[in-house]
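Asker: Fold the following.
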Amino acid sequence: MVQPTLNNITRRALPPSKRPTTSQNQYSLLEDNLDMSCDESVSSLTINNNKKLIEAENSGMITLEQMNMLLNRMRTDIVSEITISIKREVNAAVNSALETIRQEFTATTDFLAAEQKDLKTEIESSKKDIKELEAKNFKLQSLVTSFERRVESAEKMSRSLNLEIQAVPERKGENVVTHVKNLCKKVNVPMTDSEIHACRRVAKMDQSSSRPRNILVTLSSMRHRDNIISAVKRYNKANSTNKLNSSDLEITGEACPIFVTEHLSPAVKEIHAAARKIAKEKSYKFVWVKFNRVFMRKDDKSPYLRIKSLECLNNLS
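Answerer: Here you go, the predicted structure:
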């Protein structure tokens, strides 16, 4: 449906001489009112549309449809400009936030990189220290081994004249020198008082043990000591059913076996005791000590083994 024109609704056409004059300033005011403070691009479009409106009014042909179209265009342009402005502001805010995050992330990564560098430096320094400590430890272990050998050698020398008699019953007021002389007499080894430099009972290594304290005899020579030990072995071999015991030393009471050995160091004593235990478990026939060293032998045909430490016993088959 075609809308009626404004001249058909509002007035009749007047002769040119009777028409009211409209100054250019009035049209400019109309242009300013229709501008609505938009950007330059919107203003330009609005002015062009206003000019068309003015031309239509001058010609007396403007319609409501044209006015509505003009307003719709103005509204569309304004909304478009507002949208663009909002997007611009949002982009600026997002970019600013991203820049802040980037700077913070850069600072964090720089900090972590510096920490990693320091940590790497510390690790390298620690590795160097560990290597130096390992080298020092190796040297110290070598020194300890050397000192142990020297101490062992010194102990052997200090004990080389000593004889140890074990499991001799202990009596109040006893004379241990007499026990030693009786032992030597029994195994047929001559012994004089001058050949006995010292004779005494020594403290137990295990205070909870019920065995009597050992008798330690210091002799005039290592040869004399070895002769007594050999003589005891021969006697026990010859009297396998009645080996050397307390009655042979003229000690009253129930007879109990006694043992004669070298004066062993505590470490060798421990190895000797462990070797005797393993010998029973693994059927080794011989276990003996010579020159403060422990030896084992499976049977008469087997080679002998020197037991240097407790670890050696774990390797026995």
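Asker: Counting neighbours, what do you get for Phe105?
Answerer: Each residue near Phe105 was counted by other Cβ atoms under 10 Å, and the total is 10. (Glycine included, C-beta is placed from N, CA and C.)
Asker: other SSEs contacting the helix or strand harbouring it?
Answerer: Counting by DSSP states H and E, the secondary-structure element that holds Phe105 is helix 64-159. In this structure, helix 64-159 makes packing contacts with helix 40-58, judged by 3 or more Cβ pairs under 8 Å, 6 or more residues apart in numbering; DSSP states H and E.
Asker: repeat that with 10 Å
Answerer: If you count contacts as 3 or more Cβ pairs under 10 Å, 6 or more residues apart in numbering; DSSP states H and E, helix 64-159 packs onto helix 6-9, helix 24-35, helix 40-58, helix 222-238, helix 266-281.
Asker: Break the protein down into its structural domains.
Answerer: 6-12+24-76, 161-263, 264-317 (automatic domain parsing).
Asker: How confident was the prediction at Arg159?
Answerer: The confidence metric pLDDT takes the value 88 at Arg159.
Asker: wait, Pro266
Answerer: Pro266 carries a pLDDT score of 84 in this model.
Asker: neighbours around the residue lying closest to it once chain neighbours are set aside, how many?
Answerer: The shortest distance from Pro266 to any residue other than its chain neighbours is 6.5 Å, reached at Met205 (Cβ to Cβ, 6 or more residues apart in numbering). Number of residues near Met205 (other Cβ under 10 Å) recorded here: 10.
Asker: With Ile101 instead?
Answerer: Ile101 has 10 nearby residues by other Cβ under 10 Å.
Asker: Distance check, it against Met157.
Answerer: Ile101 sits at a distance of 81 Å from Met157 (criterion: Cβ to Cβ, to the nearest Å).
Asker: With Ile251 instead?
Answerer: As for Ile251, its distance to Met157 is 33 Å (criterion: Cβ to Cβ).
Asker: who has more neighbours, the two?
Answerer: Ile251 (20 against 11).
Asker: wait, doesn't that one sit right on Ile165?
Answerer: No. Shown here, Ile251 and Ile165 do not form a contact pair, counting by Cβ atoms under 10 Å, at 11.7 Å.
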